[in-house]
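A.B. asks: need a 3D model of the sequence below.
(chains A and B)
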Amino acid sequence: MKNKYDMLIVGGGPAGAIAARTAAEAGNSVCLIEKRPAIGTPIRCAEGISKDILEEFVKPDRRWISADIERARIIAPNGTTVRLEQNELGNAVGYILDRKVFDRELVWQAAEAGADVLVKTRATAPIMKNGAVQGAKVVSVGTPAEIRADVVLAADGTEAQFARWAGLDTTVPLREMMSCIQYLLTDIDIDPISIDFYLGNDVAPEGYLWIFPKGERSANVGIGISGRKSRDGSRAKDYLDRFIAKNFPSGKTIEAIVGGVPVCQPLPCTVADGLMVVGDAARVVDPLTGGGIGSAMFTGRLAARVASECVSAGDCSKDALMRYDTEWRASRMGASLKRNYKIKEFFITLDDKKLNTLADSIASVNLAEFSVSALVRELIKRNPKMLFELKALKDALT
Amino acid sequence: MLTINRDKCGYCGTCVAVCPEDALELIDAYLSLERECIACGICARACPLGALEVVHEE
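C.D. replies: Numbers count the residues shown, from 1 in each chain, chains lettered A, B, ... in the order given. As a prediction, this is how the structure comes out:
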């Protein structure tokens, strides 16, 4: 470890790793720190990602792909199942990753590109000078140290404390924090090529319950419920345990993880003097699906590219770094976060009866395209009686 | 005051992100109350496992 780098990256998840790889490949001196003793563990993720997004950042490798997904099923409270099938055009659905191996691969690539990697090293405070971030105070395996850098990338995930310490408010409102738990269940009967989403106010209030296959007879079975619906006796764990007792009574849990998924809007500004915020810490999780890996890698790469130019130009002020903020908002990812936030806000208002009506209306439809907008367009088309209520949904698409 | 049941805690940091006072911190696999807590109970609500509890002293 040196005590001065071009870039310091706080957090060794997909956002931090892709940022470190990108920045190191561009010739910068880079240090990535991870507070946990091992990259990739414990996971806090359902591990799903769409194929096209993944392939934009890394070549798929069987070593870290647990399952190849060809269909999705949405199960309404009354049991009506909406099927979305991968079509002949190769409109690919996605993969379920093995994040423990995947995350290591990404950090490995960053290290090979020249980045320094420090594990069991946590940031305790930003080093500030005249209001600008100039590095971080860290504790590395118990030893305090200072790492200076022209730019710090906060890639510290849900907790997002680094940006908060530097003056950005990253607090997630309780109602927009999904309180989640997931078991890796084995020895269960599943459709190993389908991701299943169970909806309903008795199943997963303001959230959903998922079954993401990890193999022929094992799956990530998890749930996220809104923080405001979570209380003693009706926590995420209570809902999930009830579902599993009913549906997979003989399943064996070989891993149990918990986590919080922020489904709020992104931070109002993701840069400050000497600081860029990426991934979950920037609150760029898809608010509808809760998926965060894709936007983490996207923002990580973009931030590293912009930072790289700013470091070369010798100007890492907020104004100079602002290009990162402007560009991700203007990107397809930025637009889709905005749209899906509105769709999410609409769906959480629906009672079970309306969810059933909507599911029934499209249960027999073969969608030509596997996408959120195709699904929403179909819902609008087939529910003329709910036109007034669906206005919010319609507006989300424009 | 806030009590942390370490046997229940899953070290996920959900509580850290919702705390309006930035009082909690997840240090590796150890949740710690690092700064002053206002006993608002938001973290206790968000916890997927019910590991946090605000206990009102008499």
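
A.B. asks: quickly list what the residue of the stretch 251-398 of chain A found nearest chain B is bridged to.
C.D. replies: Among all residues of the stretch 251-398 of chain A, A:G260 sits closest to chain B, at 2.9 Å; criterion: Cβ to the nearest Cβ. C-beta: built from backbone N, CA, C; applies to glycine. Legend: beta-bridge partners of A:G260 under DSSP bridges are A:S179.

A.B. asks: how about the residue nearest to the spatial centre of chain A, phi and psi?
C.D. replies: For chain A, the residue sitting closest to the mean C-alpha position, by Cα atoms, centre = their mean, is A:G292 at 1.4 Å. Here is the backbone geometry of A:G292 (degrees, to the nearest 10): phi -130, psi -10.

A.B. asks: show me what contacts it?
C.D. replies: Listed by Cβ atoms under 8 Å, 6 or more residues apart in numbering or on different chains, the contact partners of A:G292 are A:C45, A:V261, A:G279, A:D280, A:V284, A:V285, A:D286.

A.B. asks: spell out which parts of chain B neighbour chain A.
C.D. replies: Residues of chain B lying near chain A by Cβ under 8 Å from any Cβ of the partner chain: B:10-20, B:22, B:25-29, B:42, B:45-50.

A.B. asks: circling back to that earlier point, tell me the contacts of the residue of the stretch 251-398 of chain A closest to chain B?
C.D. replies: By Cβ under 8 Å, 6+ apart, A:G260 lies in contact with A:158, A:172, A:177-180, A:227, B:12-15, B:17-18, B:46, B:48.

A.B. asks: could you pull out the helices for the stretch 151-300 of chain A?
C.D. replies: With DSSP state H, counting those that start in this stretch, the ranges of helices along the stretch 151-300 of chain A come out as A:161-165, A:236-247, A:293-313.

A.B. asks: one more: chain B?
C.D. replies: When secondary structure is read from DSSP state H, chain B shows helices at B:14-18, B:42-46.

A.B. asks: make JSON lines out of those and add mean pLDDT.
C.D. replies: Formatted as JSON lines, the helices of chain B follow (pLDDT from 0 to 100):
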{"stretch": "helix B:14-18", "mean pLDDT": "98"}
{"stretch": "helix B:42-46", "mean pLDDT": "98"}
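
A.B. asks: determine which stretch of those is the most buried.
C.D. replies: Per residue and on average, the most neighbours among the helices of chain B fall to helix B:14-18, with a mean of 29 (mean count of other Cβ atoms under 10 Å in any protein chain shown).

A.B. asks: got a pLDDT number for the residue lying closest to A:I293 once chain neighbours are set aside?
C.D. replies: Leaving aside its sequence neighbours, A:I293 sits nearest to A:I49 (Cβ to Cβ, 6 or more residues apart in numbering or on different chains; 4.8 Å). Listed pLDDT for A:I49 reads 96.

A.B. asks: contacts only, for A:I49.
C.D. replies: Residues A:G94, A:Y95, A:L97, A:G291, A:I293, A:G294 are the ones in contact with A:I49 under the rule Cβ under 8 Å, 6+ apart.

A.B. asks: next secondary structure element downstream of the helix or strand harbouring it?
C.D. replies: When elements are assigned from DSSP states H and E, A:I49 belongs to strand A:48-50. Beyond strand A:48-50 on the C-terminal side, the first helix or strand identified by DSSP H and E is helix A:51-55.

A.B. asks: circling back: farthest pair in the contacts of A:G292?
C.D. replies: With distances taken as Cβ to Cβ, the most widely separated pair in those is A:C45 and A:V284, at 14.9 Å.

A.B. asks: name the nearest residue to the closest residue to chain A within chain B, ignoring sequence neighbours.
C.D. replies: Chain B approaches chain A most closely through B:T14 (2.9 Å), counting by Cβ to the nearest Cβ. Leaving out its chain neighbours, the residue that sits closest to B:T14 by Cβ to Cβ, 6+ apart is A:G260, at 2.9 Å.

A.B. asks: quick one: which of the contacts of A:I49 is nearest to A:A113?
C.D. replies: Within those, proximity to A:A113 (Cβ to Cβ) peaks at A:I293, which comes in at 19.8 Å.

A.B. asks: correct me if wrong: that closest one contacts A:C45.
C.D. replies: Yes: when contacts are counted by Cβ atoms under 8 Å, A:I293 is listed as touching A:C45 (7.2 Å).

A.B. asks: joint contacts of these two?
C.D. replies: Taking Cβ under 8 Å, 6+ apart as the contact rule, A:I293 and A:C45 have no neighbour in common.

A.B. asks: separation between the residue nearest to A:I193 when sequence neighbours are not counted and chain B?
C.D. replies: When the adjacent residues along the chain are set aside, A:I193 lies closest to A:E70, with 4.5 Å between them (Cβ to Cβ, 6+ apart). Taking Cβ to the nearest Cβ, to the nearest Å as the measure, A:E70 falls 30 Å from chain B.

A.B. asks: flag the shaky bits of the chain, pLDDT-wise.
C.D. replies: Going with chain A. Judged against pLDDT under 70, the low-scoring parts of chain A cover residues A:88-91, A:368.

A.B. asks: please refer instead to chain B.
C.D. replies: B:58.

A.B. asks: where exactly do the strands run in it?
C.D. replies: With DSSP state E applied, chain B shows strands at B:2-4, B:24-27, B:30-33, B:52-54, listed in chain order.

A.B. asks: deepest-packed of those strands, please.
C.D. replies: Of the strands of chain B, the one with the most neighbours on average (mean count of other Cβ under 10 Å) is strand B:24-27, at a mean of 20.

A.B. asks: what backbone torsions are found at the nearest residue to A:D156 once chain neighbours are set aside?
C.D. replies: Spatial nearest neighbour of A:D156, excluding adjacent residues (Cβ to Cβ, 6+ apart): A:G11 at 4.2 Å. Dihedral angles phi and psi of A:G11 (degrees, to the nearest 10) take the values phi 120, psi 130.

A.B. asks: and which of the contacts of A:G260 is nearest to B:V54?
C.D. replies: Nearest to B:V54 among those, with distances taken as Cβ to Cβ, is B:C15, at 11.7 Å.

A.B. asks: for that closest one, which non-adjacent residue is closest in space?
C.D. replies: What sits nearest to B:C15 in space, not counting adjacent residues and going by Cβ to Cβ, 6+ apart, is B:C43, at 3.6 Å.
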